[in-house]
Every structure is written in C-alpha cells, then in structure tokens.
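> With the input below, show me the fold.
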Amino acid sequence: MATTAPAQPVEQSAEKGLKTGALGLVSSVVIGVASTAPAYSLAATLAFVVGLVGFHAPAVAVLAFVPMLFCSIGYSEMNKADPDCGTTFTWATRAFGPKTGWAGGWGIVAADVLIMASLAQVAGQYLFLLFGADGIGSNPADYRVLLLGILWIVAMTYICYRGIEVSANFQKALLSVEVVMLLVLSVTALVRVGSGHHPAESVTPSISWLNPFHVGGLQAFVGGLILMLFIYWGWDTAVSVNEETKDKNKTPGQAAIISTVLLLVTYAIVIFSVVAFAGIGDKGIGLNNPSNSSDVLSVLGNAIFGGGGFGTFLSRLLILMVLSSAAASTQTTILPTARTTLSMAAYKALPASFAKIHPKHLTPTVSTIVMGAVSIAIYIPMNYISGGSVIADAVTGVGLYIAFYYGLTGFACVWYYRKTLTKSMRDLWMRGIIPLLGGLIMYAAGAYSLWEDWDVGTGNSFTTYKLPFYPNWHVGGVFMLFFLSALAGLLAFAYMRLSAPAFFRKETLTRSTPTLVPDE
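Predicted structure coming up:
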C-alpha cells in the first residue's frame with residue numbers, strides 16, 4: 001500500500017504597511033524616555049517604595065537600573081537580527097516557538113491595558129487640581145474624574161491614530177516640560193535643605209542612602225525593586241516603533257540603552273532630593289504619610305516652591321508637568337500595544353483585522369482603536385471598585401508582567417544566538433551573559449513578588465478577595481489581577497489556536513521567516 005509523506009508546513013507572508021524612516025535617534029530616545037513617564041511614575045510610586053525601604057530608595061533605584069540595562073542590551077541585540085515591531089512576541093517565537101512567543105505578546109498587552117486605568121485616573125485628577133478644584137481632584141472615584149479619564153484615553157488614542165510623527169512631536173513638547181520641571185524641583189529642594197530654609201520634616205542627605213546592604217530585609221528589598229521596575233518600565237517603546245525608524249536595525253536598540261541611562265540619572269537626582277526635603281515621616285509632607293501616598297509631587301510642590309507669587313506659578317507648573325507626563329505615557333502605552341497586536345495579526349496569531357493599516361496615516365487602525373476601547377472598558381469598573389484602590393493594585397501587578405516579558409526577551413536573546421556566542425568576547429557578553437543575567441534577575445524578583453502578592457499579610461495589596469470555594473483563602477488584589485488577566489490570555493490563546501491554527505503549526509513564523517516590514 002502506497003504511503004504519502006506528510007506535507008511540510010508552508011509559510012505564509014504579508015506586509016505590515018507602517019511608515020518607514022519617520023523617526024531618528026533623538027525622536028526614538030524621546031519616545032523611550034517619555035514612555036516611562038518619569039514624573040507620573042514618581043508621583044504614583046515613590047511613597048510606596050519609601051514605605052518599604054525608607055531612606056534607601058535611591059539605592060534601590062540604582063540597583064533596579066542594572067537588570068533594566070541588561071535587558072535593554074538584549075533588546076538591542078535582538079533588534080539587530082529582527083527589527084520587528086512585535087519585539088518580545090516575535091523574538092520569543094523565533095527562539096522558543098509559538099506558544100512561548102504568544103505568551104510574551106500577551107504579557108505586553110496585559111501590562112499596557114492594566115496601567116491605562118492608572119494613567120487615566122491621574123490625568124483626570126490632575127486636570128481638576130490644575131484649575132484649583134482640589135475637592136474633585138482628590139477623589140479618584142468621583143464620576144467627573146472618571147469622565148475626564150475616559151476623554152483622556154480617547155484623545156491620546158486619536159493622536160496615536162493620526163500618525164507616528166504627530167505622536168513623536170507631541171512627545172518632544174511634553175518631555176521638555178517634564179524634565180525641566182523635575183530638575184527645577186530637585187535643585188530647589190537640595191538648595192533649601194543645604195541652606196537651612198527647609199521644613200521640620202527635612203533630613204540632611206547621606207551617602208549611606210546609596211548603600212543597598214542597609215535596606216532592611218529581603219522582603220522589603222524585593223518589594224521596592226519590583227516597584228522600581230515599574231518606574232523604569234517603558235523604554236522598550238523605542239524598540240516597538242523600530243519599523244518606523246531610520247536605520248531600524250541599529251537606532252532603536254541604541255535609543256533603548258540611552259533611555260535607561262537617562263532615566264537612571266533623572267531618578268537618582270529626583271529621589272535623593274525629595275527624600276532629603278520631605279523625609280520619611282508619617283506626618284505633614286513626610287513620604288510615609290498615607291494621605292500623600294497616591295500623589296507625592298503635588299504635595300511637595302507647594303512645600304518646595306512656597307505659596308506666594310512665583311512659587312504658586314511653579315507649583316501649578318509642577319501639576320501640569322505630572323499631567324503632561326501622564327499624557328505622554330498614555331500615548332506611548334497605546335503605541336507599543338497597537339504594534340504588538342499588529343505584528344501578532346500579521347503572523348496570524350490574532351484575527352486579521354488587527355493588521356489593518358490606515359491608508360493615509362500608515363498607523364494600525366483596529367489595533368489602536370481596540371486598545372483605547374478595551375482600556376476604557378476596564379478603567380470604568382476599576383475606578384469604582386473599592387474607591388479606586390484596585391487601580392493601585394494594578395500598578396503593582398504590572399511589575400509582574402514587566403518582569404515576565406523583559407526577562408523572556410533576555411532569555412530569547414541568549415537562545416537565539418547560542419550557536420555564535422563563542423565567536424568573540426563581545427558576543428559572549430552582549431548576547432549571552434548580560435541578557436541572561438537580566439532575565440534571571442527579572443524572573444527571580446517576579447517569582448518572589450508573586451508569592452508575596454498571594455499573601456494578604458504582606459500588605460502588598462490595597463484590596464483582598466476571599467475565594468468562593470474551599471479552603472476560602474483570602475488572597476491579595478495584586479495576585480487576583482495578575483491571575484485574571486493571565487486567565488483572559490489563556491482563553492484568547494485557546495480561541496486562536498482553535499480558530500486560526502496556522503501560527504501555532506509554525507506555518508507563519510519560525511526562526512527563518514523574513515521579518516514582515518513595509519516595502520522600502
């Protein structure tokens with residue numbers, strides 16, 4: 001009886017259609033730095049870091065930079081081989097296969113969607129604070145804050161829809177205001193502490209604040225590290241727009257590394273000066289005062305700049321800075337998510353509609369609009385549940401996804417180049433040892449944090465949930481958010497595998513598949 005050999009998978013190809021050569025190195029660095037939203041990240045997170053590690057927050061900021069730098073090098077090296085806007089999704093698929101790659105893509109999407117609620121909430125509150133409506137601005141669950149947050153997401157989605165160049169130019173303006181005001185804040189705070197014109201909460205700066213061995217326990221250190229990873233997170237957007245960048249094999253990777261270094265300098269200066277000026281007490285402007293935990297900078301603005309004349313102007317400008325930071329981050333959160341889903345659709349890992357490109361603006365249409373719509377749909381219930389506290393848990397939960405997909409990229413780099421690592425010392429370190437260390441640090445911190453987030457006794461979560469079945473455990477809200485978003489990803493994975501199996505059969509993307517890029 002004759003037998004027929006099984007047919008080999010036949011790869012299918014398609015082009016993405018993005019606008020090539022639209023961004024240079026400066027624009028890419030601006031997008032990378034703006035994506036981290038330094039002012040917003042500090043305003044929303046610094047108090048929690050100080051609550052864990054006290055005066056040693058500057059040390060944790062410096063240490064958190066290390067795995068970020070290591071992972072950015074992995075991003076740079078992978079981008080040289082495959083400048084695909086899917087980044088972790090594409091690279092992990094090439095290195096480890098479609099299942100792992102799909103999980104990496106979902107990690108990016110889940111992190112970005114979870115953080116959009118926090119960005120919208122901060123934007124809504126700060127708009128009211130900017131115009132002196134402190135009663136409304138101080139209540140994150142107020143329906144007017146919710147409405148402005150929704151409008152904010154809509155506006156930023158529209159800017160991303162209109163084109164990458166519009167987005168980049170908007171980022172330059174916002175980032176300029178942000179960086180200048182952070183430097184003014186830091187210098188003014190240090191001058192006042194040094195000259196003796198400071199409040200009672202102020203503390204004389206000490207070089208010991210940079211000593212990580214005095215942090216005070218593994219739990220505090222890892223908790224602070226995870227939060228600092230969130231503060232640094234976002235520079236990978238510079239690589240997500242690689243197909244729209246000049247010299248796409250080189251420029252995006254350079255921008256990612258430069259962005260992390262610039263962030264280190266910025267955070268070290270700001271955190272050191274703020275800790276010195278405000279102290280870590282639980283009264284007044286102290287960073288451990290629960291009343292200041294969700295918004296450090298607006299409270300410190302009035303204290304640092306004073307309340308009269310020019311001081312009031314600078315305080316308002318500081319509020320505008322945090323608002324612009326949230327705007328920048330909202331926009332640059334939509335950018336990488338839309339491009340990740342675009343790439344996933346191009347390789348048939350998501351429905352084909354996500355691969356649609358606007359004929360004039362050359363931007364992902366469905367991917368961008370769906371990102372905005374899903375963000376709004378999740379933001380509305382999160383804004384009301386437990387008075388908005390779920391949003392605070394989402395900020396911590398994002399750290400778990402950051403550790404997952406950043407670390408996965410580091411591992412993908414090592415495995416992708418495994419056969420050529422010994423060709424030179426440069427390849428061994430830049431494509432092997434450094435990305436591997438970055439991935440290991442990320443996964444170790446993420447695993448420890450996940451266990452801590454399960455236990456409500458650690459106090460890592462603002463909300464708790466009681467399981468409706470035996471043994472009726474109480475678990476932390478951070479763990480529940482991570483679990484539910486991972487479950488949603490598993491369901492989406494199952495649906496795509498059943499409805500469109502080509503990607504999972506390695507028919508659309510393997511190690512040898514050419515990168516799908518626009519015609520040049």
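> At which residues are the strands of the stretch 351-500 of the chain located?
Taking DSSP state E, counting those that start in this stretch to define them, one finds strands in the stretch 351-500 of the chain at 464-466, 474-476.
> Show me which positions of the last one end up buried.
Yep, that's strand 474-476 we're talking about. For strand 474-476, a neighbour-count test (16 or more other CB atoms under 10 Å) marks 475-476 as buried. Placement of C-beta: from N, CA and C, glycine included.
> And the next helix or strand past whichever strand or helix holds residue 149?
Using DSSP states H and E, residue 149 falls within helix 143-162. Toward the C-terminus, helix 143-162 is succeeded by helix 164-195 as the next helix or strand (DSSP H and E).
> other SSEs contacting that following helix?
With contacts taken as 3 or more CB pairs under 8 Å, 6 or more residues apart in numbering; DSSP states H and E, helix 164-195 sits against helix 25-36, helix 38-53, helix 143-162, helix 251-278, helix 296-305, helix 310-346.
> Nearest to residue 227 among those would be which one?
Closest approach to residue 227 among the helices and strands packed on helix 164-195 is made by helix 38-53 (4.9 Å; CB to CB).
> Tell me how far the closest one lies from the chain's centre.
Averaged C-alpha coordinates place helix 38-53 at 14 Å from its chain's average position (CA atoms, centre = their mean, to the nearest Å).
> and if you look at stretch 429-449?
Worked out by CA atoms, centre = their mean, stretch 429-449 lies 17 Å from the chain centre.
> which outside residues touch that stretch?
Here stretch 429-449 makes contact (CB atoms under 8 Å, 6 or more residues apart in numbering) with 66-71, 73-74, 77, 218, 222-223, 225-226, 229, 399-400, 402-404, 406-411, 413-414, 417-418, 420-421, 460.
> coming back round to it: going by mean pLDDT, which of the strands of the stretch 351-500 of the chain comes out lowest?
Mean pLDDT per stretch puts strand 464-466 lowest among the strands of the stretch 351-500 of the chain, at a mean of 77.
> Name the residues that touch that strand?
Outside strand 464-466, the residues touching it (CB under 8 Å, 6+ apart) are 456, 472-477, 480.
> hmm, which two among those residues are most spread apart?
The farthest-apart pair in these, when distances are taken by CB to CB, is 472 and 477, at 16.5 Å.
> about what we covered before: list the buried residues of the helix holding residue 149.
145-146, 148-150, 152-153, 156-157, 159-162.
> Equivalent analysis for stretch 282-294, please.
For stretch 282-294, the neighbour count (16+ other CB under 10 Å) marks 285-289, 292-294 as buried.
> With distance to residue 374 added, can I get those in TSV?
Supplementary listing: the buried residues of stretch 282-294 in TSV, determined by distance: CB to CB, whole Å:
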residue	distance to residue 374
285	38
286	38
287	34
288	36
289	35
292	32
293	28
294	24
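> picking up where we left off before, for the strands of the stretch 351-500 of the chain, which one sits closest to residue 248?
strand 474-476 (41.4 Å).
> how distant is the closest one from the center of its chain?
Worked out by CA atoms, centre = their mean, strand 474-476 lies 25 Å from the chain centre.
> just stretch 89-96 next, same as before
For stretch 89-96, the distance to the chain centre is 21 Å (CA atoms, centre = their mean).
> quick one: average pLDDT of that stretch?
On average, stretch 89-96 scores 96.
> cool, stretch 148-166 as well?
Stretch 148-166 comes out at a mean pLDDT of 80.
> next one: stretch 407-417
97.
> Same check on stretch 275-293?
So the average pLDDT for stretch 275-293 ends up being 86.
> Mind listing residues that contact that stretch?
Here stretch 275-293 has contacts from 46-48, 50-51, 54-55, 57-58, 189-190, 192-193, 198-205, 209, 274, 296, 299-300, 303-304, using CB under 8 Å, 6+ apart.
> Same check on stretch 203-213?
With CB under 8 Å, 6+ apart, stretch 203-213 has contacts from 55-60, 62-63, 190, 193, 214, 221, 272, 275-276, 279-280.
> go with 10 Å
The set of residues external to stretch 203-213 that reach it, using CB atoms under 10 Å, 6 or more residues apart in numbering, is 53-63, 190, 193-194, 198, 214, 221, 224-225, 268, 271-273, 275-281, 286.
> Can I have the buried ones of those as a ChimeraX selection?
Applying 16+ other CB under 10 Å to the contacts of stretch 203-213 leaves a buried subset, and the ChimeraX line that selects it is:
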select :53,54,55,56,57,58,59,60,61,62,63,190,193,198,221,224,225,268,271,272,273,275,276,277,278,279,280,286
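> residues contacting residue 484?
For residue 484, the contact set (CB under 10 Å, 6+ apart) comprises 110, 397.
> ugh, wrong one, residue 313
Here residue 313 is in contact with residue 305 (criterion: CB under 10 Å, 6+ apart).
> And it, how far from residue 306?
Remark: distance between residue 313 and residue 306 (CB to CB, to the nearest Å) = 10 Å.
> do residue 97 as well
60 Å.
> Next: residue 354.
From residue 354 across to residue 306, the span is 51 Å (CB to CB).
> These two: who's more crowded?
Between residue 354 and residue 306, residue 354 has the larger neighbour count (other CB atoms under 10 Å), namely 22 against 16.
> so that one makes contact with residue 492?
No - between residue 354 and residue 492 there is no contact under CB atoms under 10 Å: 11.8 Å.
> quick one: pLDDT of residue 460?
pLDDT, residue 460: 69.
> how about the nearest residue to residue 230, chain neighbours excluded?
The shortest distance from residue 230 to any non-neighbouring residue, by CB to CB, 6 or more residues apart in numbering, is to residue 399 (4.8 Å).
> and the one you found, how far is that from residue 241?
Between residue 399 and residue 241 the computed distance is 24 Å (CB to CB).
> so is the residue lying closest to residue 288 once chain neighbours are set aside in a helix, a strand, or just coil?
Among residues not flanking residue 288 along the chain, residue 282 sits closest, at 4.4 Å (CB to CB, 6+ apart). Residue 282 falls in the coil class when you classify it by DSSP: H, G, I helix; E, B strand; the rest coil.
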